[in-house]
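Peer 1: okay, here's the prediction I keep looking at, along with the sequence it came from:
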Protein chains: 8
Amino acid sequence: MSSIQGSLEEIDKSLKDVQERREKLIKGTRDVVMLCSKSIVALHHGQLDDAKGKMDQARAMLEEFRKYAKQDLYRYIAVAEQELVEAYALRAVMESAPLPAMKDLQVTGESYLTGLLDCVGEIKRLVYDRMRSGNERHAEKLFATMEEIYNAIYPFAVYDNIVSGLRKKLDVARMLIEDIRAVVTEESRRRALMDAVGNFEKGVSMQ
Amino acid sequence: MSSIQGSLEEIDKSLKDVQERREKLIKGTRDVVMLCSKSIVALHHGQLDDAKGKMDQARAMLEEFRKYAKQDLYRYIAVAEQELVEAYALRAVMESAPLPAMKDLQVTGESYLTGLLDCVGEIKRLVYDRMRSGNERHAEKLFATMEEIYNAIYPFAVYDNIVSGLRKKLDVARMLIEDIRAVVTEESRRRALMDAVGNFEKGVSMQ
Amino acid sequence: MSSIQGSLEEIDKSLKDVQERREKLIKGTRDVVMLCSKSIVALHHGQLDDAKGKMDQARAMLEEFRKYAKQDLYRYIAVAEQELVEAYALRAVMESAPLPAMKDLQVTGESYLTGLLDCVGEIKRLVYDRMRSGNERHAEKLFATMEEIYNAIYPFAVYDNIVSGLRKKLDVARMLIEDIRAVVTEESRRRALMDAVGNFEKGVSMQ
Amino acid sequence: MSSIQGSLEEIDKSLKDVQERREKLIKGTRDVVMLCSKSIVALHHGQLDDAKGKMDQARAMLEEFRKYAKQDLYRYIAVAEQELVEAYALRAVMESAPLPAMKDLQVTGESYLTGLLDCVGEIKRLVYDRMRSGNERHAEKLFATMEEIYNAIYPFAVYDNIVSGLRKKLDVARMLIEDIRAVVTEESRRRALMDAVGNFEKGVSMQ
Amino acid sequence: MSSIQGSLEEIDKSLKDVQERREKLIKGTRDVVMLCSKSIVALHHGQLDDAKGKMDQARAMLEEFRKYAKQDLYRYIAVAEQELVEAYALRAVMESAPLPAMKDLQVTGESYLTGLLDCVGEIKRLVYDRMRSGNERHAEKLFATMEEIYNAIYPFAVYDNIVSGLRKKLDVARMLIEDIRAVVTEESRRRALMDAVGNFEKGVSMQ
Amino acid sequence: MSSIQGSLEEIDKSLKDVQERREKLIKGTRDVVMLCSKSIVALHHGQLDDAKGKMDQARAMLEEFRKYAKQDLYRYIAVAEQELVEAYALRAVMESAPLPAMKDLQVTGESYLTGLLDCVGEIKRLVYDRMRSGNERHAEKLFATMEEIYNAIYPFAVYDNIVSGLRKKLDVARMLIEDIRAVVTEESRRRALMDAVGNFEKGVSMQ
Amino acid sequence: MSSIQGSLEEIDKSLKDVQERREKLIKGTRDVVMLCSKSIVALHHGQLDDAKGKMDQARAMLEEFRKYAKQDLYRYIAVAEQELVEAYALRAVMESAPLPAMKDLQVTGESYLTGLLDCVGEIKRLVYDRMRSGNERHAEKLFATMEEIYNAIYPFAVYDNIVSGLRKKLDVARMLIEDIRAVVTEESRRRALMDAVGNFEKGVSMQ
Amino acid sequence: MSSIQGSLEEIDKSLKDVQERREKLIKGTRDVVMLCSKSIVALHHGQLDDAKGKMDQARAMLEEFRKYAKQDLYRYIAVAEQELVEAYALRAVMESAPLPAMKDLQVTGESYLTGLLDCVGEIKRLVYDRMRSGNERHAEKLFATMEEIYNAIYPFAVYDNIVSGLRKKLDVARMLIEDIRAVVTEESRRRALMDAVGNFEKGVSMQ
């Protein structure tokens, strides 16, 4: 068997390297994901500075991990990338700024698409918050944003066999949008009622 | 084994033909489905001409694929047919035209039934859009259409073992209808209140 | 093996009989279920005579099938019995008559319990229809009926291991009732406002 | 195998004991749960004495079962404890008394947390009933209580891996609270209008 | 709801009865199954008297439980019946007696068929034990018995939809038989070789 | 809805026809499969005439059912066709006749391929039976036939996506063949030893 | 909410403690399991001293973890206990010493039962190793030990609802035993052949 | 949404490229796998030139596909690489040449390891064929090769989490080796006897 011994030693060395990089990535990306999650919570609580700090830290860490991932272990940083896209997109939506480009975040196309779709769920939560604080106009604008993201990404459904989970995320986003359509409609009708009542009230009190 | 060689060559030839037609259908019907989806989006955005163009293109393509499908691969165009029915039915509903007949679209009975049921979900979306723009009358008419489609197809539930997924689609349609029943009822009561207030206001100002 | 041949022949004969009765029941109860479904639709459309005709026909057919079912195939008519209870109970509710007793319908206890619970969903639909036509009083009475059925059957939850699906149907009924509680409350408040406005209007016009 | 025979006999004896205690607990806690459920129904119907009687009986029974449960079968009384917390908490809310402390009820921390969260759903029902009887002030106070319970327990979400189902119950409570927020807001607007009409009426009649 | 109260009380009483009988059967048949299992172990160890004692006790207990089972809970004694058939059939095979008739054991046809098939696995074990003790002749006779049982029951495969698990048990029996076919063939060839060698030896020594 | 009524009636009529043909096929093909199974058992027992009778009857029945199946329900006779191929192929193998051509049996290519592969398992059984009766020469010829069938069909593995289950049947056949390779090898070695002993014996006795 | 604040603080403190102990156990028992696995490998390689060292270390560590586990987290050390039983039992089997008693190892009854059953799989491996080194006598003794362990634990099958996974482990053990029955039988027959051949050889050479 | 349009177009372009390369690889590697399979069959039939031709063709094609696979789609050529290793290794074994090095075949470490393990199964087949043609010496040398390959790769079991399926292939190889160990042992005993008989015969004839 001496003829294969050389090959086996070489393989052993390379697998040891993969093993080590893999462990580093599993542990490390967990922290990146956690930072992104916390920055999203912070955004929802209006703590913009805190959120920005965490997002930028997550982005810097990810940059680092990309070196360990190389091409062969890229799938181990996919979730972290996706969360990063979600966080940056939510921040843009809240600041009424344009959504970040893929190049800005240096992520893969897959992460960009799925991260944006995950962001639709966060915008849903924003709609409720805006409506609760009486900001119906903003709520409707956010609803439009949800629809636009969905419509822009929908044609990528044909790539479902190579972007795993894309179609499922599209289905989820669609459901969220239909929920919000119902809620926004209800609110606009309630608003019409309130306006009618308000006008009447004014009329009465002016008499 | 020379005795089976002739048979095997014959089979090889015929399976090669099936393989090729199948690949053509998988790719091609994907485009038909996408065209129908886009035409439905266009209908919802009020872009009727764009929608019509896409639907007619989809229909023409489907005609073509039917030749490749023959009888043995018919299941590969079922989803595309279903989407086509959904699109044409939605267009008829929006234009207050009669729903298309099965023969008009040249689809199978299965595709016709399931396509119509899928259309119920699209009409639900219309109801919300109509209500948001204050068109309560049209919303109620659409609600009636949803119920009529459901009631007309419901008796086919007995064929669930040969029209796969029919009962499930019926259950979904039923849930959508009950949702809309609640929404339409609420709106009619709100309208009654607004009318009461409005009449009163008029009465007061006429004093 | 001659020693078991006699037993096997006996078994063959008895299984053939089971097979035949089973096929009859599967086909036949399908029709009973369909008749009950149609009678429920008719009740909702106010076609009482049509409904009664179908229900009585279903009941007569079921009587017949009970003979084929004997004890060993009783589970094959369970769904049909349940639908029958649902239909007769809904009719009683619509006619403000007392709900039918188990003995009247000659069904098993299981079918009686689950049929009544399924009827709660049909009453929900009635509530909306009554409210839409402005009949708030009846809507509230129907709501009370829903709660009474639920409360009367709730203690049977302890038999969930022998009445399969009972707890799930109880959970569904509970959710429907809470939905209607919200709707009825909202309507009563709306009514209070309309009354206030109406009284004022009257007062003003009487000045 | 004589060497393991002694151990096996010992195990057999101890498993028999577990078996018996387990059966007692399964049957017995079923009754406790039923008593708590009934006491909650009684509370909603305003039958306070009946409710108190049942709750105290449930609590006494649970005390007894705790002895059988010891530490190893504690999970078999978890549901019963939870229901007890829900009942006592609801009673406190209805009597505007302080919520019971964990020590008062002698339950585990897990049962205390989840029982309180389940109580949020019962308070929702109270809100509707109070609103229907025109007691808007109380409805708003109950809404505040719902929010306070939620906010106090929310930080425990980090223990979701050891308090099973906690996060899910938190999500459900959150949804219930948002529903009630919308309802209470609408009612307050309606009330404002009714007050305006009332004041105007008074002003007119005083003219 | 007073109209359904009578029915509900009746149902409660009958479900309580079912509950009690069911619990008795679950516990009791567990003992019957255990006795049959032990009698089969005893048969394999050649302790015929012990085995007979246990089998007869199991049979007597089953007689008793049949009363509690009546028709509606018959499924709760199916497993016990099946094990009884397996034990009595194995005993007959070991004593080279005719297999017991269904009537002798008073079991249902389903239990008879499935019990006989399960016995095929026990006979397989016997074949190995016989071969190990050099009793090749008996091993071949047992193999023939396995095949005969299989062939006699095989035509009942058409009743798989009403005798649940029959086809699966047939498949298992078939596999066991093919295993034994291989083993028995191998042994007969080994025997042929040993005979050749033995004859030769005799011939040489007789020279 | 009158616009779809015509289509629905048409569909109802066509589905009723499908339903009826389907039921006929399910029942009828069951008998064909049973006849083929029995003919295979008869072949193994050397009852050639009985086997031929059953096979020819099965073939005639299948001819009849093909009319009901048309193209759309062809999958309902696939199993029956497959069994027919298996039976005719086994008969040819036993009679050392050439394997039947696909055209002779008028089956589809799929049924032909899978039926031949299933026949490999039956030939395995033949090998054991031949070896047990000392017919080593025939056993080796049968082994060669197994390999030839496998090698001839193996290239069709590339069509696994359109001939469902083909690859799995190939894997099973491969395993069976490797089993038999071991058995045949062992036997040939045994035979070599017996020959050595036999020759020696002869040599000695001729001295 | 001040009334529940005290309870919540108490719960927070206790859950923090649980959290910490739980993490310690998850990490620590992983090492215990690893040590036991390695000691079993060492036993199979005949490195008895190495194995003993590792087993004793594992046992000491487990002692330590039992303190953290207390009663409430006992399930977290169940797997480790089970592996310990498996290792000590295997060592006893290899040294032909009596199996260890539950008390010797200070484990729970559940761990003792399931650990012994897992040991059956390791003994199977021993059987193969002994047979390969020609020690047929020992192989048969080990086979007897496998059967004895199985028969001794089999009656505990009735506790399957409280000793999770017991029945499944019994089924696996049964299958392993039947495999070994076949292997041991085959070997004894082979041995008989070898003996016949050997005697012959001796006879020939003695002439 | 114009801000993401640029990114989406870029992604679309890159996914289209992936899609096309993927389809090419799926189709193409299917041919490579088929060529390797056929070359292995040819090797077993002693058609060395034919085998070499096919293997070299497969290797050249794989070289080509590696360009399409780049790093991101490498997994699509893994199976083909593995088959190539299996074929080249088998050829080396048959020609008693040293096994090919990883570098010679330009495959990944994973493909090299798993391909060599798969080759163990092919060598098993060779052993039987050699034994059948009486070439015992070669059979034993092949057995040694099987063991050497297994032992050399066994330490890689620790990388099972990154070389998917490695441990399973190791287990399969282990079983195959044990099968062959029994067969080779038995044969060596038989050979001893044949030699003894031969020597005796010679002795006798020389008398």
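Peer 2: Alright, I've got the coordinates. Residues are numbered from 1 along each chain as shown, chains lettered A, B, ... in the order given.

Peer 1: chain H contacts on chain A?
Peer 2: Neighbours of chain H within chain A, by C-beta under 8 Å from any C-beta of the partner chain: A:1-8, A:10-12, A:14-15, A:18-19, A:22, A:71-72, A:74, A:98-103, A:109, A:112-113, A:116, A:148-149, A:151-153, A:155-156, A:159, A:162-163. In short, each C-beta sits where N, CA and C put it, glycine included.

Peer 1: which among the residues you listed count as buried?
Peer 2: Among those, those classed as buried by 16 or more other C-beta atoms under 10 Å in any protein chain shown are A:1, A:4, A:7-8, A:11, A:15, A:18, A:22, A:72, A:74, A:99-100, A:102, A:109, A:112-113, A:116, A:149, A:152-153, A:156, A:159, A:163.

Peer 1: and the residue nearest in space to the middle of chain A, what does it touch?
Peer 2: By C-alpha atoms, centre = their mean, chain A has its centre lying nearest to residue A:86, at 2.0 Å. Each residue near residue A:86 by C-beta atoms under 8 Å, 6 or more residues apart in numbering or on different chains is listed here: A:36, A:40, A:115, A:116, A:118, A:119, A:122.

Peer 1: counting neighbours, which of those residues comes out on top?
Peer 2: Among those, the one with the most neighbours (other C-beta atoms under 10 Å in any protein chain shown) is residue A:36, at 29 neighbours.

Peer 1: what about chain A, any weak spots by pLDDT?
Peer 2: A:1, A:201, A:203-207 (pLDDT under 70).

Peer 1: so where do the helices sit in it?
Peer 2: A:2-44, A:48-69, A:78-94, A:102-105, A:109-132, A:136-153, A:166-206 (DSSP state H).

Peer 1: highest mean neighbour count out of the ones you listed?
Peer 2: helix A:78-94 (a mean of 24; mean count of other C-beta atoms under 10 Å in any protein chain shown).

Peer 1: quick check: residue A:10 touching residue H:109?
Peer 2: Yes. If you go by C-beta atoms under 8 Å, residue A:10 and residue H:109 touch, sitting 7.3 Å apart.

Peer 1: hey, what's in contact with both of those two?
Peer 2: Contacts common to residue A:10 and residue H:109, judged by C-beta under 8 Å, 6+ apart, are residue H:102.

Peer 1: tell me how far the residue in chain A that chain F sits nearest to lies from chain C.
Peer 2: Nearest residue of chain A to chain F: residue A:161, at 13.9 Å (C-beta to the nearest C-beta). Using C-beta to the nearest C-beta, to the nearest Å, residue A:161 is found at 37 Å from chain C.

Peer 1: ok, now residue A:166?
Peer 2: With C-beta to the nearest C-beta as the criterion, residue A:166 and chain C are 33 Å apart.

Peer 1: spit out the contact partners of that residue.
Peer 2: Here residue A:166 is in contact with A:113, A:114, A:117, A:156, A:157, A:159, A:160 (C-beta under 8 Å, 6+ apart).

Peer 1: I figured the fifth one was touching residue A:169, is that so?
Peer 2: No. If you go by C-beta under 8 Å, residue A:157 and residue A:169 don't touch, sitting 10.1 Å apart.

Peer 1: which residues do these two both contact?
Peer 2: In contact with both residue A:157 and residue A:169: no residue, using C-beta under 8 Å, 6+ apart.

Peer 1: that older thread, quick one: the helices of chain A as JSON lines, columns for distance to residue C:94 too.
Peer 2: Below are the helices of chain A laid out as JSON lines (distance: least, C-beta to C-beta, whole Å):
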{"stretch": "helix A:2-44", "distance to residue C:94": "49"}
{"stretch": "helix A:48-69", "distance to residue C:94": "57"}
{"stretch": "helix A:78-94", "distance to residue C:94": "50"}
{"stretch": "helix A:102-105", "distance to residue C:94": "61"}
{"stretch": "helix A:109-132", "distance to residue C:94": "39"}
{"stretch": "helix A:136-153", "distance to residue C:94": "40"}
{"stretch": "helix A:166-206", "distance to residue C:94": "30"}
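
Peer 1: any idea how far chain E is from the residue lying closest to residue A:90 once chain neighbours are set aside?
Peer 2: Of all residues not flanking residue A:90 in the chain, residue A:122 sits nearest, at 4.8 Å (C-beta to C-beta, 6 or more residues apart in numbering or on different chains). Distance from residue A:122 to chain E, counting by C-beta to the nearest C-beta: 47 Å.

Peer 1: now residue A:96
Peer 2: 57 Å.

Peer 1: neighbours of that residue, how many?
Peer 2: So residue A:96, with other C-beta under 10 Å, has 10 neighbours.

Peer 1: get me the contact residues on chain A for chain B.
Peer 2: So far as C-beta under 8 Å from any C-beta goes, chain A lies against chain B at A:151, A:154-155, A:157-158, A:178, A:181-182, A:184-186, A:188-190, A:192-193, A:196-197, A:199-200, A:203-204, A:207.

Peer 1: how about the residues of chain A by chain C?
Peer 2: Checking chain A against chain C by C-beta under 8 Å from any C-beta, there are no hits.

Peer 1: can you pull the contacts of residue A:69?
Peer 2: Residues in contact with residue A:69 (C-beta under 8 Å, 6+ apart) are A:21, A:25, A:76, A:77.

Peer 1: with adjacent residues omitted, what lies nearest to the first one?
Peer 2: Closest residue to residue A:21 in three dimensions, ignoring its sequence neighbours and counting by C-beta to C-beta, 6+ apart: residue A:68, at 4.6 Å.

Peer 1: contacts only, for that neighbour.
Peer 2: Residue A:68 neighbours (C-beta under 8 Å, 6+ apart): A:21, A:24, A:25, A:28.

Peer 1: farthest-separated two in the residues you listed?
Peer 2: A:21 and A:28 (10.2 Å; C-beta to C-beta).

Peer 1: ignoring the adjacent residues along the chain, who's closest to residue A:15?
Peer 2: Counting by C-beta to C-beta, 6+ apart, the residue nearest residue A:15 is residue H:159, at 4.7 Å.

Peer 1: apologies, that question was intended for residue A:115.
Peer 2: Distance criterion C-beta to C-beta, 6+ apart; nearest residue to residue A:115, sequence neighbours excluded, is residue A:85 at 2.5 Å.

Peer 1: residues touching that neighbour, list them.
Peer 2: Listed by C-beta under 8 Å, 6+ apart, the contact set of residue A:85 reads A:100, A:105, A:107, A:111, A:112, A:114, A:115, A:116, A:118, A:119.

Peer 1: ok, so of those residues, who is nearest chain G?
Peer 2: Distances from chain G to the contacts of residue A:85, taken by C-beta to the nearest C-beta, are shortest for residue A:118, at 28.5 Å.

Peer 1: just checking, the closest one touches residue A:169?
Peer 2: Yes. Judged on C-beta under 8 Å, residue A:118 makes contact with residue A:169 at a distance of 6.9 Å.
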